[in-house]
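K.L.:
Let's see this in three dimensions:
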Amino acid sequence: MAYIYPAPGVPTKQTVLTIEVEADTGNDALVIPALQDITVNAANDVFTWTQLNESAKLQIATTSTNSISMNLVLDSDVFFGDGTSPSGSASLKGIFGMSNSKDKIEFSLYMGDKDDGTDSKTISGVGYITGLAPTVSADAPVWVSPITITVDGEYTVA
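P.N.:
Numbering: from 1, shown residues only. Here you go, the predicted model:
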């Protein structure tokens with residue numbers, strides 16, 4: 001068995017999240033820096049019912065609700081866009097611009113290497129950026145924001 005070990009601070013083993021605008025034919029992927037944490041949610045909905053001849057409720061899995069949520073320290077170019085990249089690209093729009101214009105995005109999350117040094121899995125899909133809520137305080141003097149990618153459809157694992 002080999003555990004997935006993202007090895008914070010080791011560049012070749014880190015968890016990497018890339019985002020691009022789905023309609024962008026230039027495939028300009030924006031690498032999201034300064035991630036503090038990531039949660040991959042794959043929650044199946046369940047339909048529950050009761051029957052007169054059963055002593056317990058019956059259930060069946062239905063469609064799932066998938067999302068990726070994270071917190072990150074804001075980088076100006078990544079959050080607001082760099083202002084120099086091709087029109088319609090993720091780098092030009094930034095996270096805020098893609099969320100504000102409701103762009104459908106493609107994402108890819110490399111989970112880091114296994115503890116034996118071999119490559120781990122990548123989770124990818126399409127969705128929308130939601131849940132931006134940048135905050136700053138005297139105790140945390142850098143801007144930090146939660147971000148959620150609501151997944152349209154299923155994850156792809158490679």
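K.L.:
Distance from the helix or strand harbouring Ile38 to the middle of the chain?
P.N.:
Using DSSP states H and E, Ile38 sits in strand 35-49. Distance of strand 35-49 from its chain centroid, counting by Cα atoms, centre = their mean, to the nearest Å, is 13 Å.
K.L.:
Mind giving me the packing neighbours of it?
P.N.:
strand 58-73 (3 or more Cβ pairs under 8 Å, 6 or more residues apart in numbering; DSSP states H and E). For glycine as for every other residue, the C-beta is placed from the backbone atoms N, C-alpha and C.
K.L.:
what's the following helix or strand after the strand it packs on?
P.N.:
Going down the chain from strand 58-73, the next helix or strand is helix 76-80, by DSSP H and E.
K.L.:
which residues sit against the next helix-or-strand element following that next one?
P.N.:
Beyond helix 76-80 in the direction of the C-terminus, DSSP H and E gives the next helix or strand as helix 90-100. Residues from elsewhere that reach helix 90-100, judged by Cβ atoms under 8 Å, 6 or more residues apart in numbering: 19-21, 24, 28-30, 32, 77-86, 101, 103, 105, 128-130, 132, 147.
K.L.:
PyMOL command for the buried members of those?
P.N.:
Buried residues within the contacts of helix 90-100, by 16 or more other Cβ atoms under 10 Å, are selected in PyMOL with:
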select buried, resi 19+20+21+24+28+29+30+32+78+79+81+85+103+105+128+129+147
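K.L.:
if you skip the residues just before and after it, what's nearest to Pro33?
P.N.:
Distances taken as Cβ to Cβ, 6 or more residues apart in numbering place Asp75 nearest to Pro33, at 5.6 Å, with adjacent residues excluded.
K.L.:
wait, doesn't that neighbour sit right on Leu35?
P.N.:
No. The criterion here is Cβ atoms under 8 Å, and Asp75 misses it with Leu35 at 10.9 Å.
K.L.:
Those two - which one has more neighbours?
P.N.:
Remark: of Asp75 and Leu35, Leu35 carries more neighbours, 18 against 15, as counted by other Cβ atoms under 10 Å.
K.L.:
ok, now which ones touch that one?
P.N.:
Neighbours of Leu35 in contact, by Cβ under 8 Å, 6+ apart: Thr15, Leu17, Met70, Asn71, Leu72.
K.L.:
May I see the PyMOL selection of the buried members of those?
P.N.:
Of the contacts of Leu35, the buried ones go into a single PyMOL selection, burial set by 16+ other Cβ under 10 Å:
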select buried, resi 15+17+70+72
